[in-house]
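> Provided below for reference: sequence and predicted model.
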Amino acid sequence: MSIVVDIVLFTLLGATGFALLKVRNLFAVVMLAGIYSLLSAGLFTVMDAVDVAFTEAAVGAGISTVLFLGALALAGHHEHRPGHTPLLPLVVVVVTGGALVYGTMDMPGFGHPENPVHHHVADHYLEESYDEIGIPNVVTSVLASYRGYDTMGETTVVFAAAVGVMLLLSGARRARSRASPAEGGESAGGPERPRNDSAAGAGKGDE
Amino acid sequence: MRLDLFVSHYNYWVVIFLMMVGFYILISRGNLIKKIVGLNVFQTAVFMLYISMGKITGGTPPILVNPKGAGEGHNGAEAGPNGAEAGLGGTEALQEPAAEVVYSNPLPHVLILTAIVVGIATTSLGLALAVRIKEAYGTMEEDEINRIEAETEAAE
């Protein structure tokens, strides 16, 4: 039964991906990307990764959509039609995809308990982690304890990204306020709108 | 046999299709925001590949059903070929409906949790760069940016 849900969700996901490719209105693209994230959160639930599912639903479908909408508010939401038919990218993609599909022929089937990925260290965490850490959720104990330094590094990455976003957007505001007395605001949006936008952008950096 | 192959590899093929859709958007579209969407599509496809590998058919999420019984030895239950069940077979453990519970592999989940958070950091940084480029050039289309660059160099 769960394999049927799995196949249906994956098919929907493929359709969403194709729509993402075709749609040219960026607002619709962002909404489709939200649907894509939500479908993948559903798939993660079907595939027993509940922690990943709610992180994806909160971060992928929630925060990321908000960030994209903020960027669209700042930057306009229509994509230009490409001037030429991109033949070379299509060839590159088809060749890469073909090679990858050829590679999957050697992969073990989906969901078999004998797959090599389930041997080696995974058993240790499932059997010992409660005695060693005392948390029933194995994912949490690996994330927060066995791999605590890695999670700290991840937090550092997020901090660096937040600092980068704030620097970029405040740099934009400084450049504009320096330019506007001299040249009278050469940007098309007018002086009123960008100022609101950079306030929204600074809020974005806090996440 | 054919159907068997289809069912057991369908996940991987859709994942590869999605990776290639994301890759194609990334290299063929000129709009910077669309490129970042393509990058996100690629990234989520990779997540799904990892989670697919961690799934065991008939397994449950890796949250211990009866943690008190864990670690008291495997004396009751015979270890399956995967060995991925927790030690529920202890004689003094509560008799759960199924004497052995199969858990899906938790390690891909942990990797992907980290990757999702790093991914959102990358996305926000990319979007901030796109907005900054829009401020500086008045456009987010790659070809127009290149044209403006060329004109500026020619003027100097």
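Nice, I can see it.
> Would you report the backbone torsion angles of residue A:134?
Backbone geometry at residue A:134, expressed as degrees, to the nearest 10, gives phi 90, psi 20.
> For the residue nearest to it when sequence neighbours are not counted, give me the pLDDT.
Distance criterion CB to CB, 6 or more residues apart in numbering or on different chains; nearest residue to residue A:134, sequence neighbours excluded, is residue A:141 at 7.9 Å. In short, each C-beta sits where N, CA and C put it, glycine included. Residue-level confidence at residue A:141 comes out at 84, pLDDT.
> now swap in residue B:39 and tell me
The predicted structure scores residue B:39 at 92 on the pLDDT scale.
> still on that earlier bit, these two touch, right, the residue nearest to residue A:134 and residue A:135?
Yes. Judged on CB atoms under 8 Å, residue A:141 makes contact with residue A:135 at a distance of 4.3 Å.
> Could you check which of the two is surrounded by more residues?
Of the pair residue A:141 and residue A:135, residue A:141 is the one with more neighbours under other CB atoms under 10 Å in any protein chain shown, namely 23 against 18.
> What residues does that one make contact with?
The contact partners of residue A:141, taken as CB atoms under 8 Å, 6 or more residues apart in numbering or on different chains, are A:125, A:129, A:130, A:132, A:133, A:134, A:135.
> 6 Å instead?
Residue A:141 is in contact with A:129, A:133, A:135, counting by CB atoms under 6 Å, 6 or more residues apart in numbering or on different chains.
> Which residue comes closest to the residue positioned nearest the centre of chain B once chain neighbours are left out?
Residue closest to the mean C-alpha point of chain B, counted by CA atoms, centre = their mean, is residue B:47 at 1.0 Å. Distances taken as CB to CB, 6+ apart put residue B:112 closest to residue B:47, at 4.9 Å, once the chain neighbours are dropped.
> How far off centre is the helix or strand that contains residue B:34?
If you go by DSSP states H and E, residue B:34 is part of helix B:32-54. On the basis of CA atoms, centre = their mean, to the nearest Å, helix B:32-54 sits 7 Å off its chain's mean C-alpha point.
> name the helices or strands packed onto the helix or strand just after it?
Next in sequence after helix B:32-54, counting helices and strands by DSSP H and E, comes helix B:106-137. Using 3 or more CB pairs under 6 Å, 6 or more residues apart in numbering or on different chains; DSSP states H and E as the contact criterion, the secondary-structure elements in contact with helix B:106-137 are helix A:50-55, helix A:64-75, helix A:138-141, helix A:148-183, helix B:32-54.
> export the shortest one as PDB, just CAs?
These are the backbone C-alpha positions of helix A:138-141, laid out as PDB (Å, rounded to 0.1, in the frame of the first residue of the first chain):
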ATOM      1  CA  VAL A 138      17.500   7.900  17.300                       C
ATOM      2  CA  VAL A 139      17.700  10.800  14.700                       C
ATOM      3  CA  THR A 140      17.800  13.300  17.500                       C
ATOM      4  CA  SER A 141      20.400  11.500  19.500                       C
END
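> rewinding a little: which elements pack onto the helix holding residue B:34?
Other helices and strands packing on helix B:32-54, by 3+ CB pairs under 6 Å, 6+ apart, are helix A:26-46, helix B:2-28, helix B:106-137.
> Using PDB, write out every CA atom in that helix.
What follows is helix B:32-54 as a C-alpha-only set of coordinates in PDB (Å, rounded to 0.1, in the frame of the first residue of the first chain):
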ATOM      1  CA  LEU B  32      18.600  34.700 -11.500                       C
ATOM      2  CA  ILE B  33      15.600  33.800  -9.300                       C
ATOM      3  CA  LYS B  34      14.600  31.000 -11.600                       C
ATOM      4  CA  LYS B  35      18.100  29.700 -11.400                       C
ATOM      5  CA  ILE B  36      17.900  29.600  -7.600                       C
ATOM      6  CA  VAL B  37      14.500  27.700  -7.800                       C
ATOM      7  CA  GLY B  38      16.300  25.200 -10.100                       C
ATOM      8  CA  LEU B  39      19.000  24.800  -7.600                       C
ATOM      9  CA  ASN B  40      16.400  24.100  -4.900                       C
ATOM     10  CA  VAL B  41      14.700  21.500  -7.100                       C
ATOM     11  CA  PHE B  42      18.000  19.700  -7.700                       C
ATOM     12  CA  GLN B  43      18.800  19.800  -4.000                       C
ATOM     13  CA  THR B  44      15.400  18.400  -2.900                       C
ATOM     14  CA  ALA B  45      15.800  15.600  -5.400                       C
ATOM     15  CA  VAL B  46      19.100  14.700  -3.800                       C
ATOM     16  CA  PHE B  47      17.400  14.600  -0.400                       C
ATOM     17  CA  MET B  48      14.900  12.200  -1.800                       C
ATOM     18  CA  LEU B  49      17.600   9.900  -3.100                       C
ATOM     19  CA  TYR B  50      19.100   9.700   0.300                       C
ATOM     20  CA  ILE B  51      15.800   9.100   2.100                       C
ATOM     21  CA  SER B  52      14.800   6.500  -0.500                       C
ATOM     22  CA  MET B  53      18.000   4.600   0.300                       C
ATOM     23  CA  GLY B  54      17.300   4.700   4.100                       C
END
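> which residues touch that helix?
Counting by CB under 6 Å, 6+ apart, the neighbours of helix B:32-54 from elsewhere in the structure are A:26, A:29, A:33, A:40, A:44, A:47, A:49, A:79, A:110, A:117, B:11, B:15, B:18-19, B:21-23, B:25-26, B:29, B:104-105, B:108, B:112, B:119, B:126, B:130, B:140.
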